[in-house]
Structure formats: structure tokens, C-alpha cells
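J.: The amino acid sequence is not available; the structure is as follows:
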């Protein structure tokens with residue numbers, strides 16, 4: 001099994017503020033029964049093992065009563081058939097034969113519930129191993145669980161050493177020595193026997209860890225049906241019953257799956273509210289931190305799209321301090337907020353008010369320097385274009401000049417200023433040409449002098465002046 005990350009010893013308590021929620025979140029606090037079981041000292045007595053197995057199986061009160069009665073009666077029968085003087089090995093092997101004769105009728109990969117084994121006879125590796133542990137303990141044979149990456153079985157703890165018991169097969173006692181077991185086991189179950197020599201692929205399970213596999217199997221089936229709410233509740237019970245890295249990571253995975261489901265439904269605020277409660281109870285891990293950032297991002301995007309800009313900015317500020325989201329992504333959100341505000345408000349503002357809006361957004365860290373410049377150029381260009389459309393090219397150039405003084409040199413502004421000054425010069429040239437052609441040389445000179453004073457670097461007007469001076473030169 002994949003090695004889980006250890007959960008932190010401490011964590012920050014979060015205070016996610018959301019609108020009043022009527023969402024019914026899954027339970028994240030464990031059933032007190034499993035919490036109590038997690039604190040119990042092993043070995044548990046036989047009755048406690050039976051109760052734990054039936055509770056983990058999810059049996060109803062009536063199913064529990066019927067199954068427990070049947071198990072107790074069957075144990076009584078087993079005890080009557082197993083003389084006290086028999087040694088542990090004989091007892092351990094007899095228990096396996098007894099269970100296959102009276103309870104284990106057919107193998108079903110998904111039948112993990114102990115009560116269903118008793119009532120119907122279907123069993124899998126977990127439910128059969130748990131019942132073997134209970135029945136063996138009832139005749140004085142200690143049993144431990146053995147886990148592999150995808151399978152579980154038992155080992156009888158005997159004076160001569162531990163003996164493996166593959167409970168899914170009637171030939172499963174000390175299976176390495178039985179040809180009949182190897183002939184049938186893989187075909188029936190699909191598993192391969194992992195002998196003691198393959199110690200790296202085996203792990204010893206306590207009584208509670210073995211019983212907790214019932215919950216794990218039920219969780220897997222719920223997850224395959226996308227019942228992440230119910231799977232999470234069982235994961236909380238399993239972690240309380242058998243606390244450890246593996247069950248803890250499974251619990252975190254359950255919370256992430258449920259939060260991801262809410263994310264798919266676009267219920268971002270509800271997902272954050274749920275996840276905040278989970279984090280405050282169990283702390284952080286990397287995967288939780290990642291989806292917390294994703295949910296916050298999606299929530300902010302929705303707020304931006306709905307034009308709830310103040311809420312969006314507040315949500316982004318919540319993201320920044322704890323570092324729940326990459327700084328580049330956060331900056332992208334800030335740009336989105338700023339540009340939506342600008343798109344909504346700027347068209348109705350005067351140029352002066354527009355620049356004040358840009359200044360405020362930049363000062364609040366929502367607008368980068370480059371985007372500030374882009375929008376400043378747009379405001380100045382729009383204002384200048386309005387004057388240019390009325391033929392007031394010099395006024396348009398002046399507006400651009402002021403913008404350059406305010407925000408610094410910019411190729412777009414400099415190009416616009418040159419164009420407006422050129423258009424002014426062209427207008428002046430056309431008027432000059434009319435005066436010149438009409439012989440109104442004094443008026444033409446006055447026009448050129450005034451125009452050149454305003455755009456002294458105009459080649460067109462300087463050429464016109466040279467033409468006029470040449471015309472006014474006296475002839476021989």
C-alpha cells in the first residue's frame with residue numbers, strides 16, 4: 001500500500017465566513033462506538049470483537065441481534081466439538097474447516113459484511129478473516145491479521161510459531177504446504193498467496209486494523225458509486241477505530257473527494273465551508289491545501305463574474321496571507337477583478353475620474369504597472385480621439401503630451417502624438433495652399449508662423465515657408 005504522509009501535530013484554525021448555509025454536510029466526527037473502540041486495549045474479548053465486526057459491517061439493530069445470536073450459538077457448537085486437550089494447531093485448523101462447513105458457502109469479492117456471511121453464506125477475504133479471528137479466539141487460539149497490498153488473511157499464533165491461514169479456502173491452513181490450496185485459490189479469488197518469506201509485501205494487522213478493513217471495503221464500494229458523503233463518514237469511523245497514517249490519509253482522501261464533488265457542482269462556498277470545518281478538526285495535508293486553493297480560486301472567479309467585486313477582493317486577501325494559492329495565480333485573479341471593474345465603470349467616467357480609478361486599483365495591488373499603463377493609454381487615446389474627430393488635432397496632441405508626462409514614455413502615446421501633430425500640420429498646409437494660390441501672401445505668412453510656433457519640427461510647414469519666401473523674393 002502507498003505510504004501516507006504524516007498529519008501535522010498542529011494546525012491553524014480557520015474562520016471561513018460564508019452566507020448562512022442549509023447544506024447538510026456529511027458527518028466528520030466519528031461514531032462514539034468506534035472512538036471508544038480505538039482507545040480499547042487489545043486483545044479484545046470475544047463479545048467485543050463480535051460487536052465491533054457487526055457495527056463495522058453496518059448491520060441494523062435487528063440484523064445485529066440476529067447475527068450475534070447466530071454467532072454465539074455457533075461458537076457454542078464449535079466449543080462442544082473441540083476438546084480442550086487438543087493442541088493449538090489442531091484447534092486452529094478445525095476452526096477453518098468448521099467455518100467452511102457451516103458458514104462460508106460461496107466466495108463473493110464484495111461481500112465484506114460479517115452479518116451477511118452468517119445469514120447468506122457469501123464471504124470475501126476480509127469478512128472470512130474477521131470471523132476466523134473471532135471463532136479461533138473463542139477456543140483459545142490467538143490470531144493476528146495479515147495484510148498485503150490487495151488482500152487480507154490471518155495467522156494463528158501457536159507455540160511452534162505463527163501459521164498462515166488463507167480463510168477464503170478450506171485448504172487454507174498452512175497453505176504453502178497444500179497442493180489442493182494452490183490449485184484452487186487463485187482461480188476462485190483472483191489473489192496470489194504471499195508467503196512469510198515475502199515479508200516486504202506483508203504487514204501484521206492488529207484486531208482493530210483487521211476489523212477496520214470491513215469499513216475500508218465498504219468505503220471503496222461507496223466511492224465507486226460516488227457516494228463520497230457516506231464514504232467520508234465511514235472513513236472518520238475507521239480512523240477513530242484504527243488511527244494511523246493509512247487510515248488518516250484515507251480520511252483526508254474522503255474529504256477531498258467530497259469537496260471535489262461540491263466543486264463539480266459549482267457549490268464553491270459550500271465546499272469551502274465544509275473543508276474549513278474538516279481542516280479545523282483534522283488539520284492540513286498537501287492535497288487538502290491544493291483543493292482549498294482551487295475552491296477559493298473558483299469562488300473568487302464566480303464573485304468576479306457576478307460583479308461582487310468587494311467580496312472578491314476580500315476573498316483574495318484571505319488567500320494571500322496563508323499562501324493557499326500560487327502567487328502568480330493570485331495575481332491573475334487580481335487582474336481579472338481590476339479589468340472587470342474597469343470594463344464596468346470606465347465607460348461612464350470622465351478621463352479625470354478614470355485615472356483616479358486606475359490609481360486606486362493600482363494602489364490596492366489589483367493592477368500591475370503594465371496593465372495600468374495599458375488602460376492609461378486607452379483613456380488618453382479615447383479623449384484625444386474625441387478632439388481629433390472635431391478637427392482639434394493640437395488639443396488631442398496636448399492630451400497625449402500630458403499623459404506622457406504622467407505615466408512616462410510609451411511608444412503608443414508617442415506615435416499618437418506624432419500623428420495628431422502631423423494632422424494639424426496637414427490642415428495648416430491645406431489652408432496655406434488656398435491662401436498662397438489666391439495670392440494672399442501676408443495671411444499665408446501669418447498662418448505659417450503661428451502653425452510653426454506650435455509644431456516647429458513639421459517638415460511640411462517648413463517646406464511651405466521656404467516656398468512662400470521664394471515667391472516673395474524680388475525679381476531682377
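T.: Nice, thanks for sending it over. Please read all numbers here as calculations on a predicted model, not as lab measurements. Numbering: from 1, shown residues only.
J.: what number of residues lie near the closest residue to residue 71 other than its chain neighbours?
T.: Leaving aside its chain neighbours, residue 71 sits nearest to residue 50 (5.6 Å; criterion: CB to CB, 6 or more residues apart in numbering). For the C-beta atoms, the positions are set from N, CA and C on the backbone; glycine is no exception. The tally of other residues near residue 50 (other CB atoms under 10 Å) stands at 23.
J.: what pLDDT does residue 50 get?
T.: For residue 50, the pLDDT comes out at 98.
J.: Secondary structure element for it, which one?
T.: helix 46-57 (DSSP states H and E).
J.: residue contacts, the nearest residue to residue 365 once chain neighbours are set aside?
T.: Distances taken as CB to CB, 6+ apart place residue 334 nearest to residue 365, at 6.5 Å, with adjacent residues excluded. For residue 334, the contacting residues are 316, 365, 366, 367, by CB atoms under 8 Å, 6 or more residues apart in numbering.
J.: hmm, try it at 7 Å
T.: Residue 334 makes contact with 316, 365, 366, according to CB atoms under 7 Å, 6 or more residues apart in numbering.
J.: what's the answer for residue 299, then?
T.: 268, 269, 272, 315.
J.: returning to what we had before: packing partners of the helix holding residue 50?
T.: Counting contacts by 3 or more CB pairs under 7 Å, 6 or more residues apart in numbering; DSSP states H and E, helix 46-57 packs against helix 61-81, helix 114-120, helix 125-138, helix 207-224.
J.: The helix or strand just after the third one pairs with which strands?
T.: Tracing the chain C-terminally past helix 125-138 and defining elements by DSSP H and E, one meets strand 143-148 next. When sheet partners are counted by DSSP bridges, strand 143-148 sits next to strand 151-158 (antiparallel), strand 203-205 (antiparallel).
J.: what's the angle from the first one to helix 125-138?
T.: Yep, that's strand 151-158 we're talking about. If you take axes from the mean of the first three to the mean of the last three CA atoms, to 10 degrees, strand 151-158 sits at 20 degrees to helix 125-138.
J.: which element follows strand 151-158 toward the C-terminus?
T.: Criterion used, DSSP H and E; the element after strand 151-158 is strand 161-165.
J.: Average pLDDT for that following strand, rounded please.
T.: The average pLDDT for strand 161-165 rounds to 95.
J.: Repeat that for stretch 126-145.
T.: Rounded mean pLDDT across stretch 126-145 is 97.
J.: now swap in stretch 398-416 and tell me
T.: On average, stretch 398-416 scores 94.
J.: Which of the contacts of residue 299 sits closest to residue 156?
T.: residue 272 (50.3 Å; CB to CB).
J.: isn't that closest one right next to residue 297, touching?
T.: No: checked against CB atoms under 7 Å, the pair residue 272 and residue 297 is beyond contact range at 10.9 Å.
J.: quick one, which of those two is more surrounded?
T.: Legend: neighbour count by other CB under 10 Å for residue 272 and residue 297, higher for residue 272 (25 against 21).
J.: what helices or strands is the host helix or strand of that one leaning on?
T.: Element membership for residue 272 (DSSP H and E) is helix 268-282. Applying 3+ CB pairs under 7 Å, 6+ apart, one finds that helix 268-282 contacts helix 245-264, helix 286-305.
J.: Would you mind listing the buried residues in that helix?
T.: 268-279, 282 (16 or more other CB atoms under 10 Å).
J.: what about residue 412, distance to residue 463?
T.: Distance from residue 412 to residue 463, counting by CB to CB, to the nearest Å: 28 Å.
J.: same deal with residue 212?
T.: 95 Å.
J.: residue ranges with poor pLDDT in the stretch 251-400 of the chain?
T.: 321-324 (pLDDT under 70).
J.: hmm, try it at 80
T.: Low-confidence segments of the stretch 251-400 of the chain (pLDDT under 80): 317-327.
J.: Residue 61: neighbour count?
T.: Neighbour count for residue 61, taken as other CB under 10 Å: 7.
J.: Sorry, wrong one. I was asking about residue 267.
T.: Number of residues near residue 267 (other CB under 10 Å) recorded here: 19.
J.: Residue 434 now?
T.: By other CB under 10 Å, neighbour count at residue 434 equals 13.
J.: hang on, it in a helix?
T.: Yes: assigned with DSSP: H, G, I helix; E, B strand; the rest coil, residue 434 falls within a helix.
J.: would JSON lines of the contacts of residue 334 with secondary structure, neighbour count and distance to residue 58 be doable?
T.: What follows is the contacts of residue 334, written out as JSON lines (DSSP: H, G, I helix; E, B strand; the rest coil; neighbours: other CB atoms under 10 Å; distance: CB to CB, whole Å):
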{"residue": "316", "secondary structure": "helix", "neighbour count": "23", "distance to residue 58": "43"}
{"residue": "365", "secondary structure": "coil", "neighbour count": "15", "distance to residue 58": "52"}
{"residue": "366", "secondary structure": "coil", "neighbour count": "24", "distance to residue 58": "52"}
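J.: any chance of these in TSV, with distance to residue 207 too?
T.: Supplementary listing: the contacts of residue 334 in TSV, determined by distance: CB to CB, whole Å:
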residue	distance to residue 207
316	50
365	57
366	58
